[in-house]
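Undergrad: Pasting the sequence and the predicted coordinates here, then a few questions.
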Amino acid sequence: MLDIIYYPVSWILWFWHRAFGFVLGYDNGWAWTLAVVFLVFTLRAVLYKPFVKQIRTTKQMQEFQPQIKALQAKYKNDRQKMALEMQKLQKDNGFNPLMGCLPVLLQVPVFLGLFHVLRSFNRTGHGFGQLGMSVEENANTANYVFSAADVQSFLGARIFGAPLSAFMTMPESVMQAYTVSGGLPSKIAIGAVAIPLMIIAGVATHFNARASVARQSPEALANPQAAMMNKLALYVFPLGVMVGGPFLPVAILIYWVANNIWTYVQQHYVFGRMEKEEEEKKAAAAERRAQNAPKPGAKPVEMRKKSGAADDSADASEATPPAAQNGAKPVAKSTAKSTGNKKRSGNRGRPNQKKRR
């Protein structure tokens with residue numbers, strides 16, 4: 001039923017094993033380890049664009065959180081109207097909340113596919129065989145795109161003495177099939193590799209979640225549902241890795257660590273790129289405001305028009321006396337007449353004075 005997932009995962013793992021096996025040797029444990037790591041990198045590279053869309057959608061939802069709360073408060077008694085208004089808000093602003101969950105949902109079948117394929121190596125090799133088939137028959141059975149020789153190669157692959165296909169809680173009857181040089185019990189060798197991988201995976205999961213929570217807006221942090229999801233991501237999921245680690249093969253733990261490494265690098269790259277875009281937008285907006293603003297020492301155009309009209313009226317008032325402005329005769333002319341009268345009156349008086357002399 002899920003062969004549509006199992007076969008692509010098998011093909012990618014097979015390709016990387018061939019690539020690294022060509023250099024290191026096809027039965028080398030590091031060739032298989034690097035194949036698992038680059039399987040993760042390949043799948044996460046395919047999911048890169050949905051991841052970026054998820055981050056942008058989450059950011060948009062945080063920005064529109066006040067509008068969303070206002071709609072919830074306004075239509076709290078009318079669920080249908082609230083749903084319609086929410087859809088309108090999402091459509092007008094071009095974001096879809098489902099995109100925020102898409103990358104996580106896509107990773108689930110990928111993880112299940114890888115887990116199934118790696119467990120299938122065990123089922124064909126060490127006692128987890130199909131019903132009615134002996135262990136020897138299962139060991140010589142192909143596993144999806146892997147041949148029987150590939151199955152044997154994976155079952156014999158080790159890293160630091162721990163088989164990649166083994167896990168800490170394997171039955172004792174199966175554990176006896178794994179022995180290490182020097183007579184060291186296999187469970188100790190498996191635990192020496194699995195426990196550090198579990199701790200690294202749990203701590204990395206916690207810090208990746210912390211980096212994501214730190215970039216959330218205060219409105220989003222105040223949302224009860226978001227706060228609950230943040231607590232799950234910060235504490236429950238890392239604890240789940242620690243609790244479930246003993247039941248997972250070493251190869252799956254390697255997958256988990258590689259997945260967290262990719263998430264850490266990708267998350268910081270995408271967030272850094274988005275912050276740079278925001279800074280560029282702010283700089284462009286500031287440049288536009290600076291271009292539209294008046295130059296230093298210059299008045300706006302409308303003010304200059306008003307001031308020009310005021311200057312013209314002032315010049316006219318200086319040229320025309322106030323009396324003329326009110327419809328009266330100019331003051332200067334009346335002054336000249338009175339001066340002339342005084343002169344004439346003065347001239348009339350002077351001849352009389354000469355006569356008296």
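TA: Arrived safely, thanks for sending.
Undergrad: pLDDT averaged over stretch 152-164 - what is it?
TA: Mean pLDDT, computed over stretch 152-164, is 86.
Undergrad: mind listing what's buried in it?
TA: Across stretch 152-164, burial judged by 16 or more other C-beta atoms under 10 Å covers 152, 153, 154, 155, 157, 158, 159, 161, 162, 163, 164. Heads up, the C-betas are built off the backbone N, CA and C, glycines and all.
Undergrad: Which neighbouring elements make contact with the host helix or strand of residue 201?
TA: Per DSSP states H and E: residue 201 is located in helix 186-214. Helix 186-214 is packed against strand 162-163, helix 237-244, helix 250-292, with contacts defined by 3 or more C-beta pairs under 8 Å, 6 or more residues apart in numbering; DSSP states H and E.
Undergrad: what's the most buried one of those?
TA: Sort these by mean neighbour count, taking mean count of other C-beta atoms under 10 Å, and strand 162-163 sits at the top with a mean of 28.
Undergrad: Contacts for that strand, please.
TA: Residues outside strand 162-163 that contact it (C-beta atoms under 8 Å, 6 or more residues apart in numbering) are 155, 156, 157, 178, 186, 189, 190, 192, 193, 194, 250.
Undergrad: And stretch 281-292, by the same measure?
TA: Outside stretch 281-292, no residue touches it (C-beta under 8 Å, 6+ apart).
Undergrad: Average pLDDT for it, rounded please.
TA: 81.
Undergrad: hmm, back to that, compare the helices and strands packed on helix 186-214 and give me the one nearest residue 10.
TA: helix 250-292 (13.5 Å; C-beta to C-beta).
Undergrad: by how many degrees do the closest one and helix 186-214 diverge?
TA: Computed by axes from the mean of the first three to the mean of the last three C-alpha atoms, to 10 degrees, the angle separating helix 250-292 from helix 186-214 equals 20 degrees.
Undergrad: Domain map for this structure?
TA: Annotated domains of the chain cover 1-46+101-156, 159-278 [automatic domain parsing].
Undergrad: Which among those is found nearest to residue 65?
TA: That would be domain 159-278 among those, by C-beta to C-beta, at 3.9 Å.
Undergrad: Endpoints of that closest one, how far apart?
TA: Using C-alpha to C-alpha, to the nearest Å, the span of domain 159-278 from its first residue to its last is 45 Å.
Undergrad: residues in contact with residue 31?
TA: By C-beta under 8 Å, 6+ apart, the contact list for residue 31 reads 17, 20, 21, 23, 24, 25, 157.
Undergrad: Make sure the last one is actually in contact with residue 150.
TA: It refers to residue 157. No - applying C-beta atoms under 8 Å as the test, residue 157 and residue 150 come out as separate, 10.5 Å apart.
Undergrad: now the spatially closest residue to residue 248 that is not a sequence neighbour, what's its secondary structure?
TA: Excluding the flanking residues, the one nearest residue 248 by C-beta to C-beta, 6 or more residues apart in numbering is residue 167, at 5.7 Å. Here residue 167 is recorded as coil under DSSP: H, G, I helix; E, B strand; the rest coil.
Undergrad: Got the phi and psi for residue 167?
TA: Phi and psi for residue 167, reported as degrees, to the nearest 10, are phi -140, psi 160.
Undergrad: Now do the same contact list for it.
TA: Residues near residue 167 by C-beta under 8 Å, 6+ apart: 190, 194, 246, 247, 248, 249, 250, 252.
Undergrad: how about a cut-off of 7 Å?
TA: Taking C-beta atoms under 7 Å, 6 or more residues apart in numbering, we find residue 167 in contact with 246, 247, 248, 249, 250.
Undergrad: What about the third one, how many residues nearby?
TA: By other C-beta atoms under 10 Å, 23 other residues sit near residue 248.
Undergrad: low pLDDT regions in the stretch 51-200 of the chain?
TA: 62, 93-104, 122-141, 173-174, 176-185 (pLDDT under 70).
Undergrad: ranges for the strands of it?
TA: Along the stretch 51-200 of the chain, the segments classed as strands by DSSP state E, counting those that start in this stretch run 158-159, 162-163.
Undergrad: Among those strands, which comes closest to residue 60?
TA: Nearest of the strands of the stretch 51-200 of the chain to residue 60, taken as C-beta to C-beta: strand 158-159 at 43.1 Å.
Undergrad: Perfect, that will be all.
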